[in-house]
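> Kindly return the folded structure for what I paste below:
(one chain, ligands or ions: 1)
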Amino acid sequence: MKTAKLTLDDWEVELPVTIGSEGEVGIGIHKLRAETKAITLDSGYGNTGSCESSITFIDGEKGILRYRGYSIEDLAEKATFLEVAFLLIFSKLPSSAQIEAFNLELTRHSLLHEDMKKFFEGYPPAAPPMSVLSTIVASLSAYYAPGEDEAGIQLNIIRLLAKLKTVAAFSYKKSIGQPYIYPRNDLGFSADFLHMMFAVPSEEYVVSPLVERTLDMLLILHADHEQNCSTSTVRMVGSSDANLFASISAGISALSGPLHGGANTAVIKMLKLIRDDGGNVRKYVEMAQDKSSNFRLMGFGHRVYKNFDPRARVIKGITDSVLEELGVSDPLLEIALELESIALKEDYFVERKLYPNVDFYSGILYRAMGIPTNMFTVMFSIGRLPGWIAQWREMKNDPHKRINRPRQIYTGPTQQDWVSIENR
Ligand code: ACO
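Presented below is the predicted three-dimensional model:
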């Protein structure tokens with residue numbers, strides 16, 4: 001077995017090395033503190049592996065993303081979102097009987113408990129949809145038992161997959177003051193969601209097959225991304241044996257930040273700002289390079305991708321044709337293309353390997369499909385849910401599972417004597 005040596009003062013420790021199936025190398029530091037009293041420091045965890053996982057592989061230098069070994073390009077073109085969800089959660093592509101049974105189960109569980117409608121009534125109309133989503137998902141554990149055994153856990157997985165899109169659509173309907181539209185069992189996953197979002201009781205709403213397929217593809221592209229901020233949060237919370245709903249609710253909150261899933265909303269805001277400021281793209285590319293401006297190009301850069309983000313490439317590849325088929329012309333797309341073209345010629349972005357990420361073009365497609373900007377990160381959550389569930393399940397079934405509990409290097413005052421309030 002390969003090992004690594006670490007010396008610290010007089011100590012020398014031999015550390016075991018784990019090699020992944022794609023040749024990735026991990027130095028095991030499990031005994032480091034016990035043998036040396038030292039810990040590792042890695043702010044942002046850029047060099048820290050928190051687990052071994054067989055779900056998703058990313059090679060950030062080569063721009064590769066695979067779920068269970070299947071390339072994201074193949075899955076986006078050939079699979080349905082439900083097939084991908086099944087693949088991530090149950091490790092294998094489903095047979096036709098399995099996908100039929102999976103779909104049937106999901107349609108049977110897509111209704112919300114009627115009492116939960118009262119929750120939506122309690123929110124102000126302008127409530128951020130991600131806050132509504134995370135709190136309602138956390139509240140599901142008040143309605144459904146946590147699931148003590150595999151069958152109970154599996155039932156909750158189905159419930160959550162089935163209900164999240166209903167929660168998302170209800171929160172949108174509530175925000176615009178329209179009546180809730182209930183799920184329909186005769187529609188596929190994405191079509192059902194679009195119907196709940198856009199149908200009104202007074203007229204028939206027919207889901208466009210192009211919009212349905214585009215949505216399915218966007219959800220596939222977001223379905224998992226190994227140990228990112230929200231997924232690590234799901235695993236972290238779940239490591240305390242908190243239930244599935246609580247763990248996923250925490251993941252939704254983590255995703256909401258503008259440096260993570262909230263970036264798709266921030267990109268549209270930024271593109272509108274540039275448009276309203278006369279379309280001077282170069283000015284904003286320059287501002288992004290000026291550290292004193294505190295301005296970043298949203299939708300640019302990634303912790304892992306240092307070449308290109310394959311998801312962004314797939315989205316960019318279909319954006320033109322989808323917009324054309326839908327008969328939508330979006331001036332923000334022109335600004336986005338110009339921004340990318342100017343930025344990628346600047347040394348600042350080249351040297352730091354900053355490329356457009358998945359969030360850079362996804363908002364343009366969501367806008368063309370009629371999805372409002374404040375729902376973009378909710379769409380990301382619906383897409384990411386199978387990944388969160390697969391990672392949570394893998395963590396639960398890991399024979400080496402321990403509660404996640406990092407250490408720290410304390411830098412505060414050393415022991416001080418108590419000072420009474422009159423003497424401070
Ligand atoms: N615009 C301008 N400069 C940037 C950008 C950007 N979008 N992103 C990174 N940089 C610069 C940093 O200022 C830093 O420069 P320095 O070395 O001179 O200090 C360098 O590039 C490295 O950046 P870090 O922030 O250290 O990189 P990190 O890996 O921690 O962050 C992140 C990655 C959060 C994605 C970052 O690139 C960013 O803020 N991007 C914009 C937000 C965004 O698009 N987020 C979505 C990510 S994808 C997702 O979550 C689905």
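> Give the closest residue to residue 266 in space, chain neighbours not counted.
residue 298 (4.0 Å; CB to CB, 6 or more residues apart in numbering). C-betas here are computed from N, CA, C, even on glycine.
> Ok, residue 314 next?
Residue 314's closest residue in space is residue 76 (CB to CB, 6+ apart), at 5.0 Å.
> Just list the residues touching that neighbour, thanks.
By CB atoms under 8 Å, 6 or more residues apart in numbering, residue 76 lies in contact with 217, 220, 221, 314.
> picking that back up, did I read that right, the residue nearest to residue 266 in a strand?
No. Residue 298 is assigned coil when assessed by DSSP: H, G, I helix; E, B strand; the rest coil, not a strand.
> give the contact list for it.
Counting by CB under 8 Å, 6+ apart, the residues that residue 298 touches are 258, 263, 266, 267, 269, 270, 359.
> Now list the buried members of those residues.
The neighbour count (16 or more other CB atoms under 10 Å) marks 258, 263, 266, 267, 270, 359 as buried among the contacts of residue 298.
> could the residues you listed be laid out in CSV, adding pLDDT, secondary structure and distance to residue 248?
Converted to CSV, the buried ones among the contacts of residue 298 look like this (pLDDT from 0 to 100; DSSP: H, G, I helix; E, B strand; the rest coil; distance: CB to CB, whole Å):
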residue, pLDDT, secondary structure, distance to residue 248
258, 91, coil, 21
263, 91, helix, 20
266, 92, helix, 23
267, 94, helix, 25
270, 96, helix, 29
359, 90, helix, 21
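> Those residues of the protein touching the ligand, which are they?
For the chain, the residues in contact with the ligand (CB under 6 Å from any ligand atom) are 44, 259-261, 263, 288, 296-303, 352, 354, 357-359.
> ChimeraX command to pick out the buried ones of these?
Selection of buried members from the residues of the chain next to the ligand for ChimeraX, criterion 16+ other CB under 10 Å:
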select :260,261,263,288,296,297,298,299,300,301,302,354,357,358,359
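> Tell me who's in contact with the residue lying closest to residue 154 once chain neighbours are set aside.
Leaving aside its chain neighbours, residue 154 sits nearest to residue 147 (7.7 Å; criterion: CB to CB, 6+ apart). Residues in contact with residue 147, defined by CB under 8 Å, 6+ apart, are 153, 154, 155, 156, 243, 244.
> Which members of those are the farthest-apart pair?
154 and 243 (13.5 Å; CB to CB).
> ok, and the closest non-adjacent residue to the residue nearest the centre of the chain?
Note on the chain: the residue nearest the mean C-alpha position is residue 384, at 4.7 Å, using CA atoms, centre = their mean. Distance criterion CB to CB, 6+ apart; nearest residue to residue 384, sequence neighbours excluded, is residue 222 at 5.3 Å.
> dump the residue contacts of the one you found.
Residues near residue 222 by CB under 8 Å, 6+ apart: 311, 358, 362, 379, 380, 383, 384.
> swap in residue 284?
270, 273, 274, 295, 297, 339.
> from those, which two are the most distant?
Farthest-apart pair in the contacts of residue 284 is 295 and 339; separation 12.7 Å (CB to CB).
> Among these two, which residue is more densely surrounded?
Comparing residue 295 with residue 339 by other CB atoms under 10 Å, the one with more neighbours is residue 339, at 24 against 15.
> what's the spacing between that one and the ligand?
With the distance defined as CB to the nearest ligand atom, to the nearest Å, residue 339 ends up 11 Å from the ligand.
> Can you give me the neighbour number for residue 344?
Residue 344: 15 neighbours (other CB under 10 Å).
> State the distance from it to residue 338.
Separation of residue 344 from residue 338 (CB to CB, to the nearest Å): 11 Å.
> Of the contacts of residue 147 - the most surrounded one?
When neighbours are counted by other CB under 10 Å, residue 244 leads those with 26 neighbours.
> give me every residue that touches that residue.
If a contact means CB under 8 Å, 6+ apart, then residue 244 has 146, 147, 153, 156, 157, 160, 238, 389, 392 as its contacts.
> out of those, what pair is the most spread apart?
For the contacts of residue 244, the farthest-apart pair by CB to CB is 146 and 389; their separation is 14.5 Å.
> ok, the two, which is more surrounded?
residue 389 (25 against 14).
> Shouldn't that one be within a strand?
No. Read with three-state DSSP, residue 389 is helix and lies in no strand.
> could you measure it against the ligand, distance?
Residue 389 is 18 Å from the ligand, where distance means CB to the nearest ligand atom.
> and that residue, what does it touch?
The contact partners of residue 389, by CB under 8 Å, 6+ apart, come to 88, 89, 157, 160, 161, 244, 248.
> now the residue in the chain that the ligand sits nearest to, nearest residue through space, not along the chain?
At 2.3 Å from the ligand, residue 301 is the closest residue in the chain, using CB to the nearest ligand atom. Nearest non-adjacent residue to residue 301, counting by CB to CB, 6+ apart: residue 354, 4.3 Å away.
> what about the longest strand in this protein?
What stands out as the longest strand in the chain, according to DSSP state E, is strand 11-19.
> what's near enough to touch the residue nearest to residue 239 when sequence neighbours are not counted?
The shortest distance from residue 239 to any non-neighbouring residue, by CB to CB, 6+ apart, is to residue 404 (4.2 Å). Contacts for residue 404 (CB under 8 Å, 6+ apart) come out as 50, 235, 236, 239, 240.
> And the buried ones among the residues you listed, selectable in ChimeraX?
This is the ChimeraX syntax for the buried subset of those, where burial follows 16+ other CB under 10 Å:
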select :50,235,236,239
